[in-house]
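Participant: With the sequence up front, the predicted model follows.
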Amino acid sequence: ADMVGRLPELPHDVAVYEVSADTATAITGYRFHRGFVAAFHRPPSRDLAGVLAQARRVIVTENVTDATNMGVVIRSAAALGFDAVLADQGSCDPLYRRVIRVSMGTVFTLPHLRLGELPGALGSLSERGFRLVGLSPAPAARSIGQLDVSGRMALVVGAEGPGLSPATRRALDEVVRIPMRAGVDSLNVGAAAAIGAYVIGGLEG
């Protein structure tokens with residue numbers, strides 16, 4: 001078909017079908033179609049030790065359940081110099097369809113994997129020389145602008161409502177805040193993670 005003729009070259013074992021909008025709706029179960037729908041096998045889980053061996057900057061999510069926010073976190077991490085996203089058991093699936101859309105597909109190129117329960121699983125990062133830095137709107141926290149960003153770092157972000165759990169906060173090396181005007185108590189976790197990734201990622205140019 002004409003649409004298939006305009007596709008980039010694909011591996012020979014990839015089947016491509018052109019269907020009507022009604023058929024696409026019937027297959028997916030909802031009336032949403034932006035031109036392409038893909039089905040693929042879930043890749044095997046990555047090995048934590050292998051991912052961390054090559055990483056300098058990682059983002060850890062704790063109970064980030066909103067798929068849009070998770071997609072923003074992943075896209076920001078990929079764009080701003082991070083090497084991996086580590087999601088705890090309470091966070092949503094990084095390969096959920098809306099996460100994929102919001103991340104603009106960067107979830108397929110940025111290493112991501114599941115951690116065990118927090119805060120215990122953070123020990124695996126500390127043992128490998130990662131400094132654990134959490135984001136919080138708490139007034140007592142130091143401004144992120146004063147943070148020493150040298151060395152290996154893990155940026156830890158919490159759930160949309162409660163933020164980081166008390167147990168996780170106690171396990172961190174430092175908690176920092178993003179300075180804000182009075183009257184605004186916090187930022188969306190996706191926006192906060194993007195700012196944190198920009199400061200810690202250290203990209204130049």
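Facilitator: In hand now; what should we look at?

Participant: that's a helix at residue 100, yeah?
Facilitator: Yes - assessed by DSSP: H, G, I helix; E, B strand; the rest coil, residue 100 belongs to a helix.

Participant: Contacts only, for it.
Facilitator: Contact analysis of residue 100 by Cβ atoms under 8 Å, 6 or more residues apart in numbering lists 71, 107, 108. C-beta coordinates here come from the backbone N, C-alpha and C atoms, glycine included.

Participant: Just give me the residue closest to the centre of this protein.
Facilitator: Geometric centre of the chain, nearest residue: residue 74, 3.0 Å, by Cα atoms, centre = their mean.

Participant: Assign a three-state SS to that residue, would you?
Facilitator: Three-state assignment for residue 74 (three-state DSSP): helix.

Participant: Just give me the neighbour total for the residue nearest to it when sequence neighbours are not counted.
Facilitator: For residue 74, ignoring the flanking residues on the chain, the nearest one in space by Cβ to Cβ, 6 or more residues apart in numbering is residue 103 at 4.2 Å. Neighbour count of residue 103, defined by other Cβ atoms under 10 Å: 27.

Participant: Verify the contact between residue 103 and residue 77 for me.
Facilitator: No - the criterion here is Cβ atoms under 8 Å, and residue 103 misses it with residue 77 at 9.2 Å.

Participant: how close does the residue nearest to the centre of the chain get to residue 180?
Facilitator: Applying Cβ to Cβ, to the nearest Å, the value for residue 74 to residue 180 is 24 Å.

Participant: residue ranges with poor pLDDT in the protein?
Facilitator: Residue ranges of the chain with pLDDT under 70: 1-12, 32-35, 205.

Participant: cutoff 80 now
Facilitator: In the predicted model of the chain, residues 1-14, 24, 27-41, 161, 185, 202-205 satisfy pLDDT under 80.

Participant: Check the secondary structure at the closest residue in space to residue 142 that isn't next to it in sequence for me.
Facilitator: For residue 142, ignoring the flanking residues on the chain, the nearest one in space by Cβ to Cβ, 6+ apart is residue 176 at 5.4 Å. State at residue 176, reduced to three classes by three-state DSSP: strand.
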